[in-house]
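A.B. asks: Have a look; sequence and predicted model below, questions after that.
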Amino acid sequence: MSLPKAELHLHIEGTLEPELAFELAARNGVALPYADTDALREAYRFEDLQSFLNLYYELMAVLRTEQDFADLADAYLARAAAQGVRHVEMFFDPQAHLARGVGMGTVVDGLWRALEKSEERHGVSTQLIMCFLRDESAESAMETLEAAGPYLDRIVGIGLDSAEVGHPPVKFREVYEAAAALGLRRVAHAGEEGPPAYITEALDVLGVERIDHGLRCMEDEELVARLVRDRVPLTLCPLSNVRLRTVDTLAEHPLPAMLDAGLLCTVNSDDPAYFGGYAGDNFDAVRATLGLSEDRLRELARNSFVASFLEHDEERRTRYLAEVEAYEFG
Ligand SMILES: Nc1ncnc2[nH]cnc12
Ligand SMILES: [Zn+2]
């Protein structure tokens, strides 16, 4: 669906399509333990978040040079633009690359090659959000924030991702405080597989402005009331939830109930190469399977721009919002 929208929950490493993975593997002399792209696609059957993360980290081995990161980001931006994405706040996972000897400069300079040309080439404005891996130590997160020092002019904020259960937000209190002091915006994954209490903790302890996923808030009425009252955006990823078995089927996804409750929901793709669809595909899926009305779809698109970090450019936000209102559904 080409309804204009902002993508606020997108891991750039999760846009690595099998074809590009094999191309980069050949370019860099990296051996992949899969015979071909079909064999790799066969591995995309996940039991839960961890089984996905294992493959996600394994395939990153093909990303080695600035040009690899530039090619990855440019391929994503082309696909996103074709599905109506006008603005993206892109996550990246520097610790997963630093651990393989690929430095912060290679990652950020590489991504930037694609991002700085994105408006002209694809008509998509961009921002970068650096995520910390919550299954790594708090010290490692702090070192990563320090390593990002020279690149902070290109990083709008920080996030928290990877294996959630057993790694509560409070573990990262100090690094979030340090990031806030640097003027960085704060978001965190919470309530994807983890309990509603992690959502509360991300708000209270980490001071986040948006919750990534937040699906499990529906188990706590008081939390829902708070999220509605404070207009806290949730970056939902419906196809991801089905593939990672957070919900059994898309038909059972709580998105309609969440909208009815008055939550500020957005629809995003998370790791589109792995989960069967980009942002527009997620909109198509919730329209077809959950029967969302055109008004609801327009509300989701409007929410994405309202929830975006575009305060520095209100003129742009107003223009994007006008495009949402003018859109004619096919
Ligand atoms: N859906 C997700 N949850 C947590 N960490 C991730 N890293 C990439 N995708 C993720
Ligand atoms: Zn995610």
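C.D. replies: It's in. Numbers count the residues shown, from 1 in each chain. Ligands and ions are numbered 1, 2, ... in the order given.

A.B. asks: ok now do L115, which residues does it touch?
C.D. replies: 73, 77, 90, 126, 128, 154 (Cβ atoms under 8 Å, 6 or more residues apart in numbering). Bear in mind the C-beta positions are built from the backbone N, C-alpha and C, glycine included.

A.B. asks: I'd like to know how many residues surround Q127.
C.D. replies: Applying other Cβ atoms under 10 Å, we find 20 residues neighbouring Q127.

A.B. asks: which other residues reach the one helix or strand it maps to?
C.D. replies: Using DSSP states H and E, Q127 sits within strand 125-133. With contacts defined as Cβ under 8 Å, 6+ apart, strand 125-133 is touched by 11, 77, 86-96, 108, 111, 115, 118-119, 140-141, 144-145, 148, 154-162, 172, 175, 185, 187, 309-310, 313, 316.

A.B. asks: Filtering these by proximity to ligand 1, which remain?
C.D. replies: Restricting the contacts of strand 125-133 to those touching ligand 1 (Cβ under 6 Å from any ligand atom) yields 11, 161-162.

A.B. asks: Return the member of the contacts of L115 nearest to L250.
C.D. replies: M90 (24.9 Å; Cβ to Cβ).

A.B. asks: quick one: that closest one is in a strand?
C.D. replies: Yes. The assignment for M90 (DSSP: H, G, I helix; E, B strand; the rest coil) places it in a strand.

A.B. asks: which residues in the stretch 151-300 of the chain form helices?
C.D. replies: 173-181, 196-204, 221-229, 238-243, 255-260, 272-275, 279-290, 294-306 (DSSP state H, counting those that start in this stretch).

A.B. asks: closest one to A35 among those?
C.D. replies: Nearest of the helices of the stretch 151-300 of the chain to A35, taken as Cβ to Cβ: helix 272-275 at 18.5 Å.

A.B. asks: Okay, and the beta partners of the residue of the stretch 101-250 of the chain found nearest ligand 1?
C.D. replies: At 3.5 Å from ligand 1, D161 is the closest residue in the stretch 101-250 of the chain, using Cβ to the nearest ligand atom. As for beta bridges, D161 partners with L133 under DSSP bridges.

A.B. asks: correct me, but it touches H189?
C.D. replies: Yes. D161 lies in contact with H189 (Cβ atoms under 8 Å); the separation is 4.9 Å.

A.B. asks: residues shared between the contacts of the two?
C.D. replies: Common neighbours of D161 and H189 (Cβ under 8 Å, 6+ apart) are 134, 212.

A.B. asks: Close to ligand 1: what parts of the stretch 201-330 of the chain are there?
C.D. replies: For the stretch 201-330 of the chain, the residues in contact with ligand 1 (Cβ under 6 Å from any ligand atom) are 240, 270-271.

A.B. asks: Now tabulate the ones next to ligand 1 among the contacts of strand 125-133 in TSV and tack on pLDDT and neighbour count.
C.D. replies: What follows is those, written out as TSV (pLDDT from 0 to 100; neighbours: other Cβ atoms under 10 Å):
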residue	pLDDT	neighbour count
H11	98	23
D161	98	26
S162	97	20
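
A.B. asks: of the residues you listed, closest to A251?
C.D. replies: For these, the nearest to A251 is H11 (25.7 Å; Cβ to Cβ).
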